Structure formats: structure tokens, C-alpha cells
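> Here's a sequence, model it:
(4 chains)
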There are 2 protein chains.
Amino acid sequence: MAAPPGRMPVMADVARAAGVSHQTVSRVLNGHPNVRAETQARVLAAIDDLGYRPNSSARALVTRRTGVIGVVAVDTAHYGPARTLTGIEHAARAAGYYLSVVTLTEASAGQVREAMDHLARQSVEGYVVIAPQRSVLEGMPEWAGGAPVVAVEGGEARELPVVCVDQEGGARMAVRHLLGLGHRTVGHIAGPRDWLEAEARVAGWRGALEEAGAPVGEPLFGDWRPRSGYELVRSLVERDALPTALFVANDQMAVGALRALAEAGVRVPDDVSVVGFDDVPEAAYYSPPLTTVAQDFTEVGRRGIGILLDLLDSGEPAAESAAREVVPARMVVRASCAAPAR
Amino acid sequence: MAAPPGRMPVMADVARAAGVSHQTVSRVLNGHPNVRAETQARVLAAIDDLGYRPNSSARALVTRRTGVIGVVAVDTAHYGPARTLTGIEHAARAAGYYLSVVTLTEASAGQVREAMDHLARQSVEGYVVIAPQRSVLEGMPEWAGGAPVVAVEGGEARELPVVCVDQEGGARMAVRHLLGLGHRTVGHIAGPRDWLEAEARVAGWRGALEEAGAPVGEPLFGDWRPRSGYELVRSLVERDALPTALFVANDQMAVGALRALAEAGVRVPDDVSVVGFDDVPEAAYYSPPLTTVAQDFTEVGRRGIGILLDLLDSGEPAAESAAREVVPARMVVRASCAAPAR
DNA sequence: GGTGACATTGTTAGCGCTAACATTCACGCC
DNA sequence: GGCGTGAATGTTAGCGCTAACAATGTCACC
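Modelled structure (predicted):
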């Protein structure tokens, strides 16, 4: 690398070094045809020699394309959203885009709006919003300055392109599995009411019970965290209202549930069967190994970017093509379920 | 909002609407003094009316400041790095910066270099690299185009500002706790060799044993995942080499270990005591609730950004002020440890 | 040998903004 | 009343790049 004279080299420096006009340098950089091979080589050599890097701001200014996609993510302490983010990142980078990420501490409509505003200020070309909650979905402004918006994990979104896992189908599978084992009915520890995923799982649970003609009880609502699974099951034990089978809306609460059952001297799966949701890496090592429903989060992220890129390419103003892609869930059978004791 | 005539309004439109020059608009936007209050109000009204948003590329072009910080993260499926990222994001946004994130699938020096190159192309002003592995640290180019670089979770980094949790101290606490309970020695299931955190925990474990004059065995190296904890403990059981106390380098492997012990009919904590590391949210609900060492990842992220901002403000070319901040670890005692059976 | 077609390169004009300098105006003071 | 002073505003010149057009050269073909 030639020592730069104090400042970073610009296109004109490269042009001078290669003995061409700056426009020719630009052409080489942008892979235009009609540049003589020999000229191109000389320019490339000069670029390498000077350690030149095109200025993205200048380019963005004239092309009106920043190459940045904005991502609004909920607090990534949850397993699912974190994985989804990874999927989004890889897909975006593979397509040559940059990712600007904002994480929300709390899923209020206000925070979503503020986050998208923050991103808009950076002139992102499009948005991917990880929107597992109703309030996030509702906080999303319809018209993001003409930039397309895709919701992932968004369940039945509004007039928005959406990618999500088939939560309801997954829940159905879980409940059918339990019913198939001979359980008369299945109790449900649900996720928070505001969460679309929680809602869909409740719907799947209810649907599967109804189609089997099984009695449908009241779901108990937790907050996804282990503690709430623990406490809800404890309350069930204390009220002596424990069903023989339990469908818990995520693996974290399922751990809490398992713990509460163990403390109460209830054996799993002998006395009570438990199914979780998510298939976190630890699920296979819980006591007992947890039967659960796996979601392919990475795929969700990938497809979200896929839709966004299509929208960007086609120049559609979002909405219109309110695509809705559903990634199937997959049942993972381990040792936490058995036929009911009679 | 006034209907824009097809294109987004620019500063000149605002100027026209407010009856001032574009420069005055710029002054209002940048909070310059010497603007009459009445003029400012008129400009602000026009901005609001037209729905004007400054063009960040144009501004960046002339100020040479993009307001973007690049973050290189390892695959955020791990609990720690994911939380750290959240901490970084909030701190950066609070300071008015944007975050451009790249996640690595594999922690090779090549990928790190490529990631930083990707970010450099976007003209980031500085870098935060989540570098829990030696290979990440080594892949980091020293001179990132004059932009400062801060490593977080980086252990003893090179000539780089670093923020990390006191891994060694945390490990020492864990081992001392076990020793204090009366165990003759403590076995160690370590993390992968390439990880600085794993290495530091081994060092802490060894140090605590040595200072107590306890026999030091060979640590067993896992890969952080539950499965490896499970398999390593199984091998211990099969070789009949199970110590009475086990310090496992993270909670995920600890879950695997607990499972292996349960399957072997070994009671925890009666027969064997176990301490983990991380304090994941589930840890309190394992069977038994896991004694572990908590790390404040959010704080690590926050301090990382803090250092970077200082560097950015002072205009230092990184390196020089090779700060090194250590966040203390905290022991969380639960039910997985007891005095050894005699 | 002239001519059109096409490949290759250069020249010019902005993109939307801020920095630097220029201008205007109001005011206080000798 | 003239004049310095400083606040408030306007004018001009780029930042580094790409798009559009202009200019040149090259070649095939009649």
C-alpha cells in the first residue's frame, strides 16, 4: 500500500495513479462493460496499491440506495428471536446488504415507532420487524416512507408480508400426540396474552381438543419465563387440579413446570406427561428429556429477507403483495410423555 | 403532512416553505446559536409540515461522520454473546449511534477479517468485536483504517481496549465454594480450548485448587453444548473416575452433566456437587436448581460502547489507551452443592 | 476511401448537505 | 451622525460519487 498523504485516497487519486478519468474508475468498480481489460487491470492495480475504498455515503447520495436494511428486534434474550436475527443477518449479508439493528426493551407501540424512526433517519431501504407480539405489529406504521416492511414471527399480520412458523399446527401436533397416548384431555400453560405465538398455540391446543371431542379447560397464562411455569404448575398441584397431560407453550416454562412437578413428587412421564415448544438445545437433557415442538428460526429469518429483497427489486410499495409464508413446525419426541396411569 | 410532489422533500423545500435559506434550515437542524427564535419556529413548522427528514448520506459525505458503529458478533445462539449484543445496542443508540451488525458462523480469523472489511465498506466510525475466542482476537486487524476497535469478552487481548467479565475470579469463587464445603478436590468440565473464557476458567479452577493444596486433575474439554457435558460425565462415570465435586464451565454443559448423573443413579448434591457458569434464566429450575456463577453481560456491552465513544471523542487512534475493564462475576448459590458424603 | 456502428474513454452536472465567508441590519457610543 | 460590533441570515464552494452525454478511436463493409 502506498502511504496515503494524510487523508484517505479518493476516486480521483486512483484515476490519477492509473492514468484514466475518475469515471473509468467508477466503471471498473461497478462492473460496467466496455472497459478494456488492460485498463481495468491498471485501475484495479491502482486501487490495490493505494488501498482505496469507495465512500459509501457519496455513492448512496447519488444512487439513492444505502444498501442498509433496518431490523427491529425484541429483546434477544429469548431463544427464538435471537436465532431469527442470525438468520436475517446471514441472508442479508449474502445479498450484499448491511444490517442496522435496533432492539426493543419493551414491546410497546411507542417503542416500535421510535425504533423505526431511528432507522428511517439512517435511510434504510427496507425493514424487517421481528414482531411476535400484537403490540409490536400494531405499532408498526403502515407507510414507512415508501420502504417495504416485512414482519417475521408475526402470525396473522395486517396488510403486511409475513413469515412465521406454523404455531397453531405445531400446537395441534403436540396435543394430538398427547391425546393419542390415551390422555382424556390436555392442560395448557400458555404464553402471555399479548403474544401472537402464544395465542396461536392456544388456538391449536383448543382446536385439537375440540376435534377430538375432549374437554377443554382454561389455559393458564405465563410470561415465557421458567418461574411462571413453575408457579402455575404449583398452583395446579395445590388446587389438586393437575391434568394427566400438560402442553406448555415454551421450553423455558416447561423447565419450570418439570421442576414444580418434581418437587411435588409427581413423576414425569409416569404420572403426568409434558410437551414443550421451541426445542432449545438443552431440551434433550432435561429431566426427563423433553418432548417438544421444534421451530426453524433461521429459516424464518432467511425467508423474511427473501421477501424483502423481492419487494426491493420489484419496487413494490410493500403491502400489495401481502405474502404470507408459513414454515412448518416439527414434533420432537423424547421421554416426557407416556400413556396415562389408570 | 403536505403531500410531497412525488419525491421526498429536501432541505431546499423546507427553506422555501419557511421563507429562509437552506443554510438557516441546516442551522436549526444542528442546533446552532444565532438563529432567531421566531425563525427557528417557522423552520421547525415547515419541517414538520413537509415531513422532512435530513438525508444521512449527504450529511455523512460532508461531515465525514456516518454515526455508525460496526459490531462483529459470534453466533448469537449462545446466551452470553446475545445478551452482550443487547447491551451494546442500547448504549449505542442512547448515544445517538447506529449499529451495523455482522454475525460470524465460525470464529476463524478469516471470517473476522471479512466481517470487518464488510463493515469498513460502510464507513463505520468504530468497531466493537465480541471476541470470546482466541481466533477472533487474532483475526482482528490492528489498524482498522484509523477507526478505533474495542474487544468485549476478550480476556487478555493484545494491544486493544478490552472489556470482560472476571472469568478467572468467578471460577476461583466456584471452586473455593466447593472446597469450603469439604470436598477434597474438584473436577472440571471445561469449554473449548480456543475460547479465552474457557481458558480463564481453567486457570481459575487450577489456581483455587493449588492455593488450597488440593490435587489438580486433568480438565475435560467440552464444546459448551449440553451434549458434551452429558458425554464427558458419562465417560467419567464409566471410568469410575467421578470426583465428589464438579465445576462445569457453563450452564448448558451443566445441564448435560446433571442428566448424565441422574441416569447413572448418582444423586446431586448428595453424591456429587455441581457448579455451573453463566446463570441462565433456567438455572434456578434445573433438577436440582443449579449453583452457578453469574455474569453481567449487559454491563459488558455497555462498557464496551463507553470505551469506544471515549476513543471516538478523544480522536485517539485506538491502541494507545489500551484500557482493560473487568466486570466482576457473582456467585449464585442454589441447591446443587453439599458437603461430600463420607 | 468514406461511412456508419460500436466500443472505449472523457467531461460535465448534479445528489443534499455543511463549512466558510459575505452580507445585512440593529444598536450603542463617541 | 458616523462607525465599530455582533447577531442573524444569505451565498458560495465543495464533500466523493454516478448518470448522462460528448468525444474519440476502431473496425467492417460497400
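> Let's see the pLDDT reported for the closest residue to DNA strand C within the stretch 101-250 of chain A.
Nearest to DNA strand C in the stretch 101-250 of chain A, going by Cβ to the nearest atom of the strand, is residue A:123, at a distance of 9.9 Å. The C-beta positions use only the backbone N, C-alpha and C, and glycine is treated the same way. Looking at residue A:123, its pLDDT reads 92.
> Report the secondary structure element holding it.
Using DSSP states H and E, residue A:123 sits within no helix or strand.
> Do I have it right that it meets residue B:54?
No: counting by Cβ atoms under 8 Å, residue A:123 does not reach residue B:54; the two are 9.4 Å apart.
> Neighbour count for the two, which is higher?
residue A:123 (23 against 17; other Cβ atoms under 10 Å in any protein chain shown).
> Need the phi and psi values for the more buried one.
Per-residue torsions, residue A:123: phi 60, psi 50 (degrees, to the nearest 10).
> So which residue is dead centre in chain A?
residue A:84 (3.3 Å; Cα atoms, centre = their mean).
> and the gap between residue A:175 and residue A:270?
Separation of residue A:175 from residue A:270 (Cβ to Cβ, to the nearest Å) stands at 20 Å.
> The two - which one has more neighbours?
Between residue A:175 and residue A:270, counted using other Cβ under 10 Å, the more crowded position is residue A:175 (27 against 12).
> Where does that one fall, secondary structure wise?
helix A:167-180.
> what does residue A:269 give?
Residue A:269 belongs to no helix or strand, assigned by DSSP H and E.
> burial of the nearest residue to residue A:200 once chain neighbours are set aside, as a residue count?
Leaving aside its chain neighbours, residue A:200 sits nearest to residue A:167 (3.6 Å; criterion: Cβ to Cβ, 6 or more residues apart in numbering or on different chains). For residue A:167, the count of nearby residues is 28 (other Cβ under 10 Å).
> do the same with the one 10 residues further on
The local packing count at residue A:177 equals 21, with neighbours defined by other Cβ under 10 Å.
> For the nearest residue to residue A:333 once chain neighbours are set aside, give its distance to DNA strand D.
Counting by Cβ to Cβ, 6+ apart, residue A:291 is the residue found nearest to residue A:333 once chain neighbours are left out, at 5.1 Å. Per Cβ to the nearest atom of the strand, to the nearest Å, residue A:291 is found 55 Å from DNA strand D.
> that older thread, for the residue nearest to residue A:200, give me its contacts.
Under the criterion of Cβ atoms under 8 Å, 6 or more residues apart in numbering or on different chains, the contact partners of residue A:167 comprise A:155, A:196-197, A:200-201, A:204, A:329.
> Please apply the same query to residue A:39.
Applying Cβ under 8 Å, 6+ apart, the residues near residue A:39 are A:18, A:20, A:24, A:28.
> one more time with 7 Å, if that's ok
The contact partners of residue A:39, by Cβ atoms under 7 Å, 6 or more residues apart in numbering or on different chains, come to A:20, A:24.
> That one in helix, strand or coil?
helix (DSSP: H, G, I helix; E, B strand; the rest coil).
> quick one: pLDDT of it?
Listed pLDDT for residue A:39 reads 92.
> Same check on residue A:2?
Reported pLDDT at residue A:2 in the predicted model: 46.
> which secondary element of chain A has the worst mean pLDDT?
helix A:134-139 (a mean of 83; mean pLDDT, DSSP states H and E).
> just checking, next helix/strand downstream of that helix?
strand A:149-152.
> what packs against the helix or strand where residue A:117 lies?
Following DSSP H and E, one finds residue A:117 within helix A:109-121. Applying 3 or more Cβ pairs under 7 Å, 6 or more residues apart in numbering or on different chains; DSSP states H and E, we find helix A:109-121 packed against strand A:68-74, strand A:98-104, helix A:134-139.
> Tell me which of the ones you listed sits most buried.
The highest mean neighbour count among the helices and strands packed on helix A:109-121, using mean count of other Cβ atoms under 10 Å in any protein chain shown, belongs to strand A:68-74: a mean of 27.
> Kindly provide the distance from residue A:91 to DNA strand C.
Relative to DNA strand C, and taking Cβ to the nearest atom of the strand, residue A:91 is found at 30 Å.
> mind listing what that residue touches?
A:301-302, A:305-306.
> Please dump those residues into TSV; it should also carry pLDDT, neighbour count and secondary structure for every row.
Shown next, in TSV, are those (pLDDT from 0 to 100; neighbours: other Cβ atoms under 10 Å in any protein chain shown; DSSP: H, G, I helix; E, B strand; the rest coil):
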residue	pLDDT	neighbour count	secondary structure
A:301	92	27	helix
A:302	94	21	helix
A:305	95	28	helix
A:306	94	16	helix
